[in-house]
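[1] Sequence first, predicted coordinates after that:
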Amino acid sequence: MSTDENDQLIVIGWREWVALPDLGVPFVKAKIDTGARSSSLHAFDIETVKRDGQKFARFKMTPRQSNDDHVVEAEAEVLEVRSIRSSNGEVSKRPVIITHVEVLGNKWPIEVTLASRVEMDFRMLLGRDAIRGRYWVDSGRSFCGGRHQERTSRR
């Protein structure tokens, strides 16, 4: 990518508020991780079901980092099951779904793996494949789209 193309990209910080409208999530604090190829969403009670020959994942998520009482139930078509190496080096098989993400007023479809992120600082990880060609990440900035009214933690 040339410098001219970089100058046209929108700047985002290393963490941003994002929405997942297809899943009924108006906001979730996401870590923008250019070191991770894929995106990941905190999900639990994941079950796969077949309907009309297609595989779907039914799952629950708690998009608010410090509020496990707010549970969102969702369902999405499974694109595939992929082996993913976590940051600690462990490999696990995770369902991959396609859903729309909205960042700073822009909305587009991304691939997201479903996995428990309960021990992680962020309920969502937005990887480099999701932002490539759309945003320029300034690692010294946060919440370029503004802070959400309902803050979920002090981070």
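    Arrived safely. Numbers count the residues shown, from 1 in each chain.
[2] From now on I want contacts and neighbour counts done on CA atoms only, so please keep to that.
    OK.
[3] and residue 130, that's in a strand?
    No - checked against DSSP: H, G, I helix; E, B strand; the rest coil, residue 130 lies outside a strand; its state is helix.
[4] Was I right to think it contacts residue 110?
    Yes - the pair residue 130 / residue 110 is scored as a contact, 5.7 Å apart, by C-alpha atoms under 8 Å.
[5] Look at those two and report which has more neighbours.
    residue 130 (21 against 18; other C-alpha atoms under 10 Å).
[6] Tell me which residues touch residue 14, please.
    Residue 14 makes contacts with 31, 32, 33, 137, 138, 139, 140, 141, 142, 143, as judged by C-alpha atoms under 8 Å, 6 or more residues apart in numbering.
[7] Neighbour-wise, give me the winner out of those.
    residue 32 (25 neighbours).
[8] Contact partners for that one?
    Going by C-alpha under 8 Å, 6+ apart, residue 32 touches 13, 14, 15, 16, 125, 126, 127, 128, 137.
[9] likewise residue 84?
    Listed by C-alpha under 8 Å, 6+ apart, the contact partners of residue 84 are 91, 92, 93, 94.
[10] If I look at the second one, what pLDDT would I see?
    Okay, so that is residue 92. In this model, residue 92 is scored at 85, pLDDT.
[11] List the buried residues for the helix or strand hosting it?
    Using DSSP states H and E, the element containing residue 92 is strand 91-103. Using 16 or more other C-alpha atoms under 10 Å as the test for burial, strand 91-103 gives 94, 95, 96, 97, 98, 99, 100, 101, 102, 103.
[12] Return the member of the residues you listed nearest to residue 75.
    The closest of those to residue 75 turns out to be residue 97 (C-alpha to C-alpha; 9.4 Å).
[13] Residue 92 against residue 83, yeah?
    Yes - here residue 92 reaches residue 83: they are 5.4 Å apart, a contact under C-alpha under 8 Å.
[14] So for the chain, the centremost residue is which one?
    Centroid check for the chain by C-alpha atoms, centre = their mean gives residue 124 as the closest residue, at 4.1 Å.
[15] what's the distance between that one and residue 58?
    In this view, residue 124 and residue 58 are 17 Å apart by C-alpha to C-alpha, to the nearest Å.
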